[in-house]
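S.K.: Give the three-dimensional model of this entry:
(one chain, ligands or ions: 1)
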Amino acid sequence: MSNLPVLSTSELDMALLELKGWSIERGKLHRQFQFPSFVKAFGFMTSVALVAETMGHHPEWCNVYNQLSVDLITHDAGGITMNDIHLAHKMNELAQS
Ligand SMILES: C[C@H](O)[C@H](O)[C@H]1CNC2=NC(N)=NC(=O)C2=N1
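M.R.: Down below sits the predicted model:
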């Protein structure tokens, strides 16, 4: 359960300045990832799954071959919170390693 507030439009605009590749789509924090192979995509998803489980905060995502579409939203709060921003930063870090 998240007690964090839903971020305002201006707070989101500020956070997006530091979040390469992410945008707001249909009220969710969105990024499309592309990997060299399905195995690389799935390896990334496995790494993210471990972080997500530790955070207690989980992505909505769809994997097709080497493509991964991710949407982040805090269901308990009904909008985008700092939990989504933190998870997006962790995903960007993991995508580079
Ligand atoms: C009880 C459980 O920890 C909560 O329901 C967590 C699980 N993971 C979650 N993930 C996301 N993205 N939003 C949530 O509100 C959320 N809630």
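S.K.: Let me see the contact set for residue 63.
M.R.: Residue 63 sits next to 41-42, 45, 69 when contact means CB atoms under 8 Å, 6 or more residues apart in numbering. From N, CA and C alone the C-beta is placed, and that goes for glycine too.
S.K.: and the residue nearest to residue 62 when sequence neighbours are not counted, how many neighbours?
M.R.: Closest residue to residue 62 apart from its sequence neighbours, by CB to CB, 6 or more residues apart in numbering: residue 69 at 4.7 Å. Using other CB atoms under 10 Å, residue 69 is surrounded by 15 other residues.
S.K.: So is the helix or strand hosting residue 69 next to the ligand?
M.R.: Element membership of residue 69, judged by DSSP states H and E, is strand 67-72. No - applying CB under 6 Å from any ligand atom, one finds strand 67-72 separated from the ligand by no less than 6.6 Å.
S.K.: Using the three-state scheme, assign residue 19.
M.R.: With DSSP: H, G, I helix; E, B strand; the rest coil as the basis, the three-state label of residue 19 is coil.
S.K.: about what we covered before: just the buried positions in the strand holding residue 69, please.
M.R.: Neighbour counts using 16 or more other CB atoms under 10 Å place 68, 70-72 of strand 67-72 among the buried residues.
S.K.: Closest to the ligand out of the residues you listed?
M.R.: residue 72 (6.6 Å; CB to the nearest ligand atom).
S.K.: Now do the same contact list for the closest one.
M.R.: Contacts for residue 72 were tallied using CB under 8 Å, 6+ apart; they are 28-30, 59-60, 80, 84, 87-88.
S.K.: Is there a quick ChimeraX command that grabs whichever of those are buried?
M.R.: Selection command for ChimeraX covering only the buried members of the contacts of residue 72, criterion 16+ other CB under 10 Å:
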select :28,29,30,59,80,84,87,88
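S.K.: for the strand holding residue 69, the distance to its chain's centre please.
M.R.: With CA atoms, centre = their mean, to the nearest Å as the basis, strand 67-72 stands 7 Å off its chain's centre.
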